[in-house]
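Peer 1: I'd like to go over a predicted model; first the sequence, then the structure.
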Amino acid sequence: MTVRARAGSFVGTAPDGWAGTSRHWPVAGEALVVESLPRDARSVRLRATRCDATIAEAKLHIPAGADAAILDLLHPDGRHPGETATVAALVEAALQRCPDVRRLRVAGLGGAPALIALAGEIRAEPGAAPDALIERAHFYQLPLLWLTAGSQAVYPPIRSRVGPQDRLPPLRPPQPTGTLYRRWLPHLGTTLSFRAIDRRRDLAVFHGWMNQPRVSYYWELAQGAAELDRYLAAQEADPHLFGVIGSFDDVPVGYFEFYSAKEDRLGPYYDAEDFDRGWHGLIGNAAHLGRPKTLAWFRAVSHYLFLDEPRTRRIMGEPRASHRKMLSYCADAAYEKLKEFDFPHKRAALVSCERDRFFREVPL
């Protein structure tokens, strides 16, 4: 399986000329909007606002023949650690406007307090102030945006005695509640989000989705509301997985289950690590079917799982080996097919998404 994500030359690519707005959700702070104001073929002005008040501005430029875009912060200037969240939002906006560049060069701010948590390299030309270099593949792994405050709980590696005795996992954090993740998708013009499923409010939509023939063919949960309520109640008592509702602009679109692979039914079929994750999903809202949106879910799920647990190196999956469409989505999201094997209920393909490859090859 090969990834057919955006690839090719990253050198000398001009900004896409998108003169619109994007939305950004810092973990520490309130949401903000960034407006793009094109100046010429290779530069734009970025203006960040909150409640219609301008809070930050920057200039973005790609020199001809360069492998990095240049971000010039106008205000704030990044010289206080309290500005990190705002600077991170401007960085995300810049990367969205220049989707094919590998890195940003923040002019003259190498070592500045707001940049030290973003830039993995400082580079200086003779006689000039040092620049901060932010790698795209590194930036999207940082839990400064997208996650909701309080949604992430990283536990120390305490070995649990609860679970399969032949593959005991570490103690897992409590199941999250409320909204977990938000990210603006420029190519779809919408906000994608995950929130933990709540059977007190979501049972009706969950029941409706599970009883759609195209869903029940794979999930085999075409049951009554009482049975599905018990299914969700049992999930609430299981420390190795939790369910979420995925939405576009707060309209429910699909259901996803995120699990820790080591103690899952998949665990015995490969050499599982403590922090391997996996997931199952369905699109229940038929108005949002189609490859562009489904692929957005694949990428967002993987992004969230890597953000949620920084020690996760792999996301595993076990789709039906005969499900060609599913395997093609896997390929476009950097999931590699490792082998086929027999579950009691199906012939499965073992697929794996490696953290480094995902952030290196998959556009977000």
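Peer 2: That came through, no problem.
Peer 1: Helix, strand, or coil at residue 55?
Peer 2: strand (DSSP: H, G, I helix; E, B strand; the rest coil).
Peer 1: which ones are touching it?
Peer 2: 32, 48, 49, 86 (CB atoms under 8 Å, 6 or more residues apart in numbering). Bear in mind the C-beta positions are built from the backbone N, C-alpha and C, glycine included.
Peer 1: How confident is the prediction for it, by pLDDT?
Peer 2: Predicted confidence (pLDDT) at residue 55: the value is 95.
Peer 1: Likewise for residue 123?
Peer 2: pLDDT, read off for residue 123, is 89.
Peer 1: so it makes contact with residue 134?
Peer 2: No: Residue 123 is beyond contact range of residue 134, at 11.4 Å (criterion: CB atoms under 8 Å).
Peer 1: what sits in contact with each of these two?
Peer 2: With CB under 8 Å, 6+ apart as the test, residue 123 and residue 134 both reach residue 105.
Peer 1: Which phi and psi values does residue 83 adopt?
Peer 2: Main-chain torsions, residue 83, degrees, to the nearest 10: phi -90, psi 0.
Peer 1: Please report how far it lies from residue 109.
Peer 2: Look at residue 83 and residue 109: by CB to CB, to the nearest Å, they are 11 Å apart.
Peer 1: Now list whatever residues contact both of the two.
Peer 2: Common neighbours of residue 83 and residue 109, using CB under 8 Å, 6+ apart, are residue 77.
Peer 1: from the contacts of residue 55, which two are the most distant?
Peer 2: Using CB to CB, the pair of the contacts of residue 55 lying farthest apart is 49 and 86, separated by 11.2 Å.
Peer 1: Can you tell me the element the closest residue to residue 79 other than its chain neighbours falls in?
Peer 2: Counting by CB to CB, 6 or more residues apart in numbering, residue 79 lies nearest to residue 112, which is 5.3 Å off, once chain neighbours are set aside. Using DSSP states H and E, residue 112 sits within no helix or strand.
Peer 1: Any figure for the gap between residue 112 and residue 87?
Peer 2: Computed as CB to CB, the residue 112 to residue 87 distance reads 9 Å.
Peer 1: Out of those two, name the residue with the larger neighbour count.
Peer 2: residue 87 (29 against 24; other CB atoms under 10 Å).
Peer 1: Looks like that one contacts residue 113 (just checking).
Peer 2: No: the pair residue 87 / residue 113 is not scored as a contact, 9.9 Å apart, by CB under 8 Å.
Peer 1: Spit out the residues that contact these two alike.
Peer 2: Contacts common to residue 87 and residue 113, judged by CB under 8 Å, 6+ apart, are residue 78.
Peer 1: before we move on, the earlier item: anything in contact with each of residue 49 and residue 86?
Peer 2: Taking CB under 8 Å, 6+ apart as the criterion, residue 49 and residue 86 both touch 32, 55.
Peer 1: More neighbours: residue 123 and residue 134, which one.
Peer 2: The residue with more neighbours, out of residue 123 and residue 134, is residue 134; 25 against 13, by other CB under 10 Å.
Peer 1: who's more crowded, residue 49 and residue 86?
Peer 2: More neighbours surround residue 86 than the other of residue 49 and residue 86, with 23 against 15 (other CB under 10 Å).
Peer 1: and for stretch 277-297, what are the contacting residues?
Peer 2: 185, 187-188, 192, 205, 208-209, 212, 215, 218-219, 246, 248, 251-261, 264, 266, 301, 305, 308-309, 312, 314-318, 329, 332-333.
Peer 1: Put the buried members of those residues into a PyMOL selection.
Peer 2: Buried subset of these, written as a PyMOL selection, criterion 16 or more other CB atoms under 10 Å:
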select buried, resi 185+192+209+215+219+246+248+252+253+254+255+256+257+258+259+260+261+264+266+301+305+308+309+312+314+315+316+317+318+329+332+333
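Peer 1: circling back to that earlier point, can you list the contacts of residue 55 in JSON lines and add secondary structure?
Peer 2: Compiled in JSON lines, those are given as follows (three-state DSSP):
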{"residue": "32", "secondary structure": "strand"}
{"residue": "48", "secondary structure": "strand"}
{"residue": "49", "secondary structure": "strand"}
{"residue": "86", "secondary structure": "helix"}
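Peer 1: Centre of the chain to stretch 124-143, how far?
Peer 2: Chain-centre distance of stretch 124-143: 21 Å, with CA atoms, centre = their mean, to the nearest Å.
Peer 1: Restrict that stretch to CA atoms and write it as PDB.
Peer 2: Only the C-alpha atoms of stretch 124-143 are listed here, as PDB (Å, rounded to 0.1, in the frame of the first residue of the first chain):
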ATOM      1  CA  ALA A 124      21.000  32.800  11.800                       C
ATOM      2  CA  GLU A 125      22.500  34.500   8.800                       C
ATOM      3  CA  PRO A 126      25.700  36.500   9.400                       C
ATOM      4  CA  GLY A 127      24.900  39.800  10.900                       C
ATOM      5  CA  ALA A 128      21.200  39.100  11.300                       C
ATOM      6  CA  ALA A 129      19.000  38.200  14.200                       C
ATOM      7  CA  PRO A 130      18.400  34.400  14.400                       C
ATOM      8  CA  ASP A 131      15.200  33.000  12.900                       C
ATOM      9  CA  ALA A 132      13.000  30.300  14.500                       C
ATOM     10  CA  LEU A 133      12.300  27.300  12.200                       C
ATOM     11  CA  ILE A 134       9.100  25.500  12.600                       C
ATOM     12  CA  GLU A 135       8.700  22.100  10.900                       C
ATOM     13  CA  ARG A 136       5.200  21.300   9.600                       C
ATOM     14  CA  ALA A 137       5.500  17.600  10.700                       C
ATOM     15  CA  HIS A 138       6.500  18.700  14.200                       C
ATOM     16  CA  PHE A 139       4.000  21.500  14.600                       C
ATOM     17  CA  TYR A 140       0.900  19.300  14.100                       C
ATOM     18  CA  GLN A 141       2.000  17.000  16.900                       C
ATOM     19  CA  LEU A 142       2.000  19.800  19.500                       C
ATOM     20  CA  PRO A 143      -1.000  19.900  21.900                       C
END
